[in-house]
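S.K.: From the sequence below, what's the structure:
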Amino acid sequence: MNILVYTLTKNEARELHTNLQKKFRERIHLWMYHSIQQIENALFERRWILFIFRHTGNQIITFSKNLKQDELFQSLPIIMISNTLSFSQSISFCDISLLSYETYILSSHSYSLIRKHILYQKALHDIQEANEQKIENYLMTSIVKRYISRTTYSCIVQSTQKQKLSIQEENLFLTAVFADISNFTKLSETISVQEVITILNILFHTVVPIIHLNGGDIDKFMGDEFFAVFFDSRAALRATQQIQQKIQQIPELVKQKIQLHIGIHYGIVLRGNVGSDERSDHTLIGNTINTASRLESICPPGEIIASTAVIKHADIFVPHMYRRTAKLRGMEGKITYYTLFHYFERNPRILKHKIFSLKPIRKINHMRFKKESGQVIPTAEQKNLV
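M.R.: The predicted structure follows:
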C-alpha cells in the first residue's frame, strides 16, 4: 500500500509508518516528496491509499482542493497535520481533508477512512480486471465463432456445460451441400493471389448469410469450395437457388464469369471427432457426404443437382424431364438425380415455406370440386385446410 507524504521529517514518517503497519498488518510504502511538482508527477504512477501533508502554506491547501475536484482522486483520503489552524480555517478545509493535530498519531476515524479507501481501491481493481477478462473472453469467443461452424461451437458449449473434454459423437439425418467455382484453377492462373482472395471473399460474403438465413450451417471452406449442412432439404434447395441467383447480380463475380457447381444429397451421417488428444477436428462422415461431393463434381456450371432422396425429403414434385442418372466416381451402381436450377426459375413458388395451421388437419378421402366458369375451384371444406 502506497502512502504519499509531503514535508514530514524522517522521524515523523518512520513513526507514522510503524503505527500504520501495526494497524493494517500489511506492507506499507511511504513515499516522501518535498515539492508540489514532485507530487504532481507521482500521482499517476501508483495507486495511493492516503495523502498526508503538513500545513506549510496556502499553496499546498490550494493544490489539495484542486486534487479533490479531480474525479480520479475524490475518494483519496487527505490528512493535513497542523497545530496552528483556527476553528474557522478547520471548517473551511473539512471538505478536502481530515485534520489531525498530532504529528504521527491518527484518530480512529482516520483508520476507518483509510480502510474504506483501501477496500474501494481493491474493488475498483477487481472490477477493472473483471472487465478486462470479459473483453478478452468476448474477443476470443467472437474470433473462435468466425473460424469454426455454428454447429461445432454449439456442441463445444454443451460439452463444457456437461464438464466434458470432448464432443459426443452422434448419428444424424442431414442434407449435405457441396459447391465450388467452375474453372477456378484456370482463373487463379490469370489473376494475382490478392485478386483471388478478393473474389472468394465477395462470393462467401454472399453465400454465408443466405445459408444461415435458411437455417443451414457452413461446415467448412476448402479453397474455392464450401460444404454446408441443413436439417431441412427444402431449405437447402431454397438457399442454393438463392445463391445461384444472387451470384448473377454481383458485378465483380459476373465480370470474372464466376459460376458454381452445386451437389446436394440427403441421408444419415456420423458427427464425430477425428484426430488425436492434442489436435482434433469435429467433422461429418458418411456415404451421404461422399455422395453429395460426387454429385457436385458432375454438376454443370451454374446448375444445382440433387439426389432423389433430397426431392423426397423436401416433398416437392419435379417432372421426369429433369431427371438424370449417372455413375459416380468410386461408387458402385448408378444414382438418380435431378437438375433443378432452371426448373425452380420457372416455378419459384415450389420452394416457399410450408405454412401449417395450429389446428389439426383432417384428412379428406374424397375430394369434391365444383365447376364455375370452366375453372376448378376447391369447396369450402377444402379451403379450410389451406
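
S.K.: what packs against whichever strand or helix holds residue 218?
M.R.: In the assignment (DSSP states H and E), residue 218 maps to strand 217-222. Applying 3 or more Cβ pairs under 8 Å, 6 or more residues apart in numbering; DSSP states H and E, one finds that strand 217-222 contacts helix 150-161, helix 193-213, strand 225-230. From N, CA and C alone the C-beta is placed, and that goes for glycine too.

S.K.: can you list the residues that contact it?
M.R.: 149-151, 204, 207-208, 211-212, 226-230, 283-284 (Cβ atoms under 8 Å, 6 or more residues apart in numbering).

S.K.: among the helices and strands packed on strand 217-222, which is nearest residue 241?
M.R.: Minimum separation from residue 241 across the helices and strands packed on strand 217-222 (Cβ to Cβ) falls at helix 193-213, 9.6 Å.

S.K.: Give me the buried stretch members for the closest one, please.
M.R.: Using 16 or more other Cβ atoms under 10 Å as the test for burial, helix 193-213 gives 196, 199-200, 202-203, 206-208, 210-211.

S.K.: can you put those residues in CSV and add distance to residue 183 and pLDDT?
M.R.: Shown next, in CSV, are those (distance: Cβ to Cβ, whole Å; pLDDT from 0 to 100):
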residue, distance to residue 183, pLDDT
196, 13, 91
199, 13, 92
200, 14, 93
202, 17, 93
203, 14, 93
206, 19, 92
207, 18, 94
208, 23, 94
210, 23, 95
211, 23, 95
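
S.K.: ok, back up a step: taking the mean pLDDT, what do you get for the strand holding residue 218?
M.R.: Averaging pLDDT along strand 217-222 yields 92.

S.K.: do stretch 29-49 as well
M.R.: pLDDT averaged over stretch 29-49 gives 75.

S.K.: Output the below-cut-off pLDDT ranges for the stretch 251-386 of the chain.
M.R.: 353-386 (pLDDT under 70).

S.K.: Now do the helices in it.
M.R.: 251-255, 287-297, 308-314, 341-346, 380-383 (DSSP state H, counting those that start in this stretch).

S.K.: And for the stretch 51-200 of the chain?
M.R.: Going by DSSP H, counting those that start in this stretch, the stretch 51-200 of the chain shows helices at 58-69, 87-92, 108-147, 150-161, 184-190, 193-213.

S.K.: Return the distance of the last one from the chain's centre.
M.R.: For helix 193-213, the separation from the chain centroid amounts to 19 Å (computed by Cα atoms, centre = their mean, to the nearest Å).

S.K.: Nearest the geometric middle of the chain, what residue?
M.R.: Centroid-nearest residue in the chain: residue 142, 3.2 Å away (criterion: Cα atoms, centre = their mean).

S.K.: tell me which residues of the strand holding residue 218 are tucked away?
M.R.: Applying 16+ other Cβ under 10 Å to strand 217-222 flags 217-219 as buried.

S.K.: Parallel or antiparallel, list what pairs with that strand.
M.R.: strand 225-230 (antiparallel) (DSSP bridges).

S.K.: What is the subsequent helix or strand relative to the strand it pairs with?
M.R.: Scanning onward from strand 225-230 (DSSP H and E), the first element met is helix 233-247.

S.K.: tell me what that next one is packed against?
M.R.: Based on contacts counted as 3+ Cβ pairs under 8 Å, 6+ apart, the elements that helix 233-247 packs against are strand 170-181, helix 193-213, strand 225-230, strand 260-275, strand 304-307, helix 308-314, helix 341-346.

S.K.: Looking at that helix now, give me its mean pLDDT.
M.R.: Throughout helix 233-247, pLDDT has a mean value of 94.

S.K.: which residues touch it?
M.R.: 175, 177, 179, 203, 206-207, 210-211, 213-216, 228, 230, 253-254, 258-260, 262, 264, 266, 302, 304, 306, 310-311, 313-316, 340-341, 344-345, 351, 354.
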